[in-house]
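Novice: Mind looking at a prediction? Sequence and model below.
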Amino acid sequence: MNADFLNDLNESQRNAVEYIDGPSLVIAGAGSGKTRVLTYKIAFLLEMGMKPWNILALTFTNKAAREMKERIALLVGPDRSQTLWMGTFHSLFNRMLRQESSLLHFTSNYTIYQPGDCKSLINGILKEMGLDNKVYKPGAVCGKISEAKNALILPDQYMADLETYQRDNRQKMPALGQIYKKYVARMHQANAMDFDDLLLYTYLLFEHYPEVRHKYASRFQYILVDEYQDTNYAQHEILRLLSEGNDHVCVVGDDAQSIYSFRGARIDNILKFTQQYQGAKLFKLEQNYRSTQTIVGAANSLIAFNKEQIKKDVYSKNEIGRPLVLNIAYSDVEEGEIVCNRIHALHAQKGLKYQNMAILYRTNAQSRIFEEGLRKRMIPYRIYGGRSFYDQKEIRDVLAYFRLVINPNDEEALKRIINYPTRGIGNTTMEKLIHAAVNSEVGIWEVLKDPLVFNVTLSAATHKKLESFYEMIIGFIEKREEEDAYQIGSRIIKESGIFQEAYKSHDIESQTMQDNLSELLNAMNTFVEIQKESGEEVHALLTDYLSEVSLLSDVDNQETENKDMVTLMTVHSAKGLEFEAVFIVGMEENLFPNSMAMYSQREMEEERRLFYVAITRAKNFCFLSCSKMRFHYGKMDFCEPSSFLKEIDKQYLRLEVEREEYRSELPHESLFNRNKLAVSQDLHTRGKLHAINSDSEVVTEGNTLDTVEVNGQILKSGLTVEHDRFGVGEILSLEGDPGNVKATIKFRNSGEKCLLLKYAKIKLI
């Protein structure tokens, strides 16, 4: 046997590779060479004489399987690597099911439905059953059915379970069990399976047909599973059935990176592996090759607070490196400025490529501020695994309302939202309106104003619905010059029904919609405030905001051929990736950790693992940031720092603050405690403004001023002030007429701003 390639491994890796005499669990710390162990172990088995078709290697992505095959080919040659049974759970089980499909009453050419197909089928079933698809949202229904299948619960079991029925009833979906049963029947009739079926039917095949299970169990003399901490109950049970009587099983993963419980992943699968497989040997890969010693130490100190874990001592032999940097921003707006400035500096001063930097956030809605900050600096970026904030469906829907209010002749905007939220104006009605508009050579809005004039035949009920829609839009149009962008925007979101649509249910889809609507209103509120403070109150209308957003949502910034781009993504999407510099933003209570986890130890521990994953994506630079204030639905909320921040050993953390009073020693619960009432009063008090010269005489001419009095504060050039969005800055100059004095202030993170003091929310410090 020639296995010289094993010399490439460290001692722990080699021990894990060479052990093939029984079941084994390889706990691979972040950056410790997990993929290398898997590929070398398979190559070692082949060198030991095992045939490729006798090895089953299960992964979670096609990319992982492809990369491992390529590496194995380099070690033992492409002939042997190509005939391995290596791939995702779904792809390999699909191969088995096609061979055995007749036993399950499918033909071998069954179709695999994509998520869109499944939603379409659910929609059809809802119509047949006379159920409202706004209550039984197809996405939410698909999610519930998926949960059941991954828990190996069939329709009859689902309907027989009282607790499940009571849960569905509380969520106003008591007919879910019946929908599930019809869905399964219709899928059978269509000779189709969805992705969850590929697991469910594989389990049923092995459970009900022992001879089939035995056939595959005999074929696969060695089974390997990647990312075992991400397996769900169905995958766990299939592995149990397939490995009965065969203790040649090796699973690899890291319990500290188990972050997908919302997809059905069960951390217990990896925590209890050695209990399920008697005599299983445990190997730990603890040397991190990715990150500096400081980053590894910080991550270790954090994850030590989890009680449910397999203890390990991850270490790095890389350079000690820089401490993690925690920036405390005054607001979410200033946080965006701090992060984008740092990215610009790392690129310009240290030569770091944009593609080696990533901004990680807990929720997708947080991307908006950073997108705008990067665009302002002409820094290219990409949204990984998602869409730009302004490309989210609900945002495009709201902007379509705005467009129609500004320009009723915008036909594309009208067609997009005339029946959203659903108001009973269907495609047939729209076709009639469009046909009449084309024949009369006018816009659809003209026809909508009075369909009868254009000989559009409609039922009385439909005519009433069109009339209500028209009057609603006219009502908005009448207010568009009276109210600022934030006021009219809030009105449109609420009175159109979009707000209510977002809060109809509590699923992930609805929560994302709520977050995005809140963030849009935050953006509008910020726009209006900045216009007022800059003395441009006349330009704070909806027309002005829409013009600015049209430029922000221009996709020219994200040319696909430009590979050197900053990556923006959720922490969940970042797992498995690495970057030279990582920015973990929004480190506040109820955001990270998420508010849903606050009352559950198990959920809190998963949030902590999520933060651990975020930190361990960084090779050399790790920046954390949080805000003392964050806007929610356009209103200011005070924030508390994430409890996770005080769990990081302070020897690994450097605190950067704009004011010494925030420089608390970490860990400490009151990281940025202040008198919140006093701050609120500082920000919202609008007192009388007096402009005075050095002799304390009132200045009556618009000119340069030495000092002014604002709300009992004497302001002059050179003094330091604090602004609720822009943070800390120095007054450079004061000028203007009494009552309309402007201050030019250079903010440390937000640059130079010229603010009208009667509107500016500043406090002398």
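Specialist: Sure, I can see it. Residues are numbered from 1 along each chain as shown.

Novice: Angles on the backbone of the closest residue to residue 196 other than its chain neighbours, please.
Specialist: In this structure, residue 196 finds its nearest non-sequential neighbour in residue 149, 3.9 Å apart by C-beta to C-beta, 6 or more residues apart in numbering. For the C-beta atoms, the positions are set from N, CA and C on the backbone; glycine is no exception. The phi/psi pair for residue 149 (degrees, to the nearest 10) reads phi -60, psi -40.

Novice: just for the protein, where's the confidence low?
Specialist: For the chain, the stretches with pLDDT under 70 are 1-3, 551-562, 634, 657-703.

Novice: just how off-centre is the lengthiest helix in it within its chain?
Specialist: Taking DSSP state H as the criterion, the chain has its longest helix at helix 508-533. Relative to its chain's centre, helix 508-533 lies at 17 Å (C-alpha atoms, centre = their mean, to the nearest Å).

Novice: Likewise for stretch 507-519?
Specialist: The answer for stretch 507-519 is 11 Å, by C-alpha atoms, centre = their mean.

Novice: For it, buried residues please.
Specialist: Buried residues in stretch 507-519, counting neighbours by 16 or more other C-beta atoms under 10 Å, are found at 507, 510, 511, 512, 513, 514, 515, 516, 517, 518, 519.

Novice: contact partners of it?
Specialist: Contacts to stretch 507-519, defined as C-beta atoms under 8 Å, 6 or more residues apart in numbering, come from residues 137, 139-140, 143, 262, 363-366, 368, 389, 392, 394-395, 398, 493, 498-499, 501-504, 632-633.

Novice: same thing but at 6 Å, please
Specialist: The contact list for stretch 507-519 (C-beta atoms under 6 Å, 6 or more residues apart in numbering) reads 139, 140, 363, 365, 368, 392, 394, 395, 502, 632, 633.

Novice: again, but for stretch 218-229
Specialist: With C-beta under 6 Å, 6+ apart as the contact definition, stretch 218-229 has outside contacts at 38, 45, 54-60, 243, 248-253, 255, 258, 270.

Novice: mind listing what's buried in it?
Specialist: Within stretch 218-229, judged by 16+ other C-beta under 10 Å, the buried ones are 220, 222, 223, 224, 225, 226, 227, 228, 229.

Novice: same check, this time on stretch 583-603
Specialist: Residues of stretch 583-603 classed as buried by neighbour count (16+ other C-beta under 10 Å): 583-589, 591-594, 597, 603.

Novice: That one spans what distance, first to last residue?
Specialist: One end of stretch 583-603 sits 23 Å from the other (C-alpha to C-alpha, to the nearest Å).

Novice: circling back: where strands are concerned, which of the contacts of stretch 218-229 count?
Specialist: Counting by DSSP state E, the part of those found in strands is 55, 56, 57, 58, 59, 249, 250, 251, 252, 253.

Novice: Need the buried ones from these selected in ChimeraX.
Specialist: A single ChimeraX command selects the buried members of those (16+ other C-beta under 10 Å):
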select :55,56,57,58,59,249,250,251,252,253
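
Novice: What is the nearest of the ones in strands among the contacts of stretch 218-229 to residue 434?
Specialist: Each of the ones in strands among the contacts of stretch 218-229 was scored against residue 434 by C-beta to C-beta, and residue 59 proved nearest at 49.7 Å.

Novice: Quick check: the closest one touching residue 65?
Specialist: Yes - at 4.5 Å, residue 59 and residue 65 qualify as touching, with contact defined as C-beta atoms under 6 Å.

Novice: how deep is residue 123 tucked in, by neighbour count?
Specialist: Neighbours of residue 123 under the rule other C-beta atoms under 10 Å: 15.

Novice: Which residue comes closest to it once chain neighbours are left out?
Specialist: Closest residue in space to residue 123, ignoring its immediate chain neighbours: residue 138 at 5.2 Å, by C-beta to C-beta, 6+ apart.

Novice: for that neighbour, what are its contacts?
Specialist: Residue 138 sits next to 119, 122, 123 when contact means C-beta under 6 Å, 6+ apart.

Novice: list the contacts for the first one?
Specialist: This points to residue 119. By C-beta under 6 Å, 6+ apart, the contact list for residue 119 reads 138, 142.

Novice: Would you indicate which residues of the helix or strand containing it are buried?
Specialist: Element membership for residue 119, per DSSP states H and E: helix 115-129. Applying a neighbour-count criterion of 16+ other C-beta under 10 Å, one finds 118, 119, 121, 122, 125, 126 buried in helix 115-129.
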